[in-house]
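Chemist: Here's a sequence, model it:
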Amino acid sequence: MSDQKSIVLYGVNSPNVLKVVIMLEELLLPYELKFVSLFRGEQFSSEFLALNPLGKVPVLIDPEWEKPLADAGAILIWVAERSRQLLPEKSSDRYEVLQ
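Modeler: Next up is the predicted model:
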């Protein structure tokens with residue numbers, strides 16, 4: 001068993017969270033999904049607001065990054081750059097993918 005720390009993704013069954021889940025699965029990156037109960041207001045708890053002051057999901061905690069990442073678009077770019085997959089380095093190709 002590996003002692004590698006895995007990524008933690010906070011979210012719900014929503015399109016923006018599912019985008020991140022699909023990417024993590026496709027890249028075979030180990031992660032743990034932590035459900036945030038929006039109907040119970042967990043996104044407004046002090047613990048969650050410390051991760052994302054806007055109180056929105058998804059939020060990603062990556063042991064390779066020193067702070068939480070929020071916003072699906074930013075998370076997807078981070079994961080692509082971290083894995084060195086899916087996002088070309090050449091700027092014309094890169095921006096085509098980002099579109």
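
Chemist: For the rest of this, base every contact and every neighbour count on C-alpha atoms.
Modeler: Noted.

Chemist: centroid residue for this protein?
Modeler: For the chain, the residue nearest the mean C-alpha position is residue 60 (3.9 Å; Cα atoms, centre = their mean).

Chemist: Would you double-check that that one falls in a helix?
Modeler: No - assessed with DSSP: H, G, I helix; E, B strand; the rest coil, residue 60 is strand; it does not lie in a helix.

Chemist: which non-adjacent residue is nearest it?
Modeler: Excluding the flanking residues, the one nearest residue 60 by Cα to Cα, 6 or more residues apart in numbering is residue 9, at 4.6 Å.

Chemist: Look up phi and psi at that neighbour.
Modeler: The phi/psi pair for residue 9 (degrees, to the nearest 10) reads phi -120, psi 120.

Chemist: how close does it get to residue 58?
Modeler: 7 Å (Cα to Cα, to the nearest Å).

Chemist: so where do the strands sit in this structure?
Modeler: For the chain, applying DSSP state E gives strands covering 7-11, 31-35, 59-61, 69-70.

Chemist: Next, count neighbours for residue 87.
Modeler: For residue 87, the count of nearby residues is 20 (other Cα atoms under 10 Å).

Chemist: Likewise for residue 71?
Modeler: As a burial measure, residue 71 scores 16 neighbours (other Cα under 10 Å).

Chemist: With residue 33 instead?
Modeler: For residue 33, using other Cα under 10 Å, the count is 14.

Chemist: Per-residue pLDDT of it, please?
Modeler: Confidence at residue 33, expressed as pLDDT, is 97.

Chemist: so what's it up against?
Modeler: Residues in contact with residue 33, defined by Cα atoms under 8 Å, 6 or more residues apart in numbering, are 8, 9, 10, 11.

Chemist: Kindly report the same for residue 83.
Modeler: residue 27.

Chemist: Who does the residue nearest to the centre of the chain form a beta bridge with?
Modeler: Note on residue 60: beta-bridge partners by DSSP bridges are residue 9, residue 69.

Chemist: My guess is it contacts residue 10. True?
Modeler: Yes - at 6.3 Å, residue 60 counts as touching residue 10 under the criterion of Cα atoms under 8 Å.
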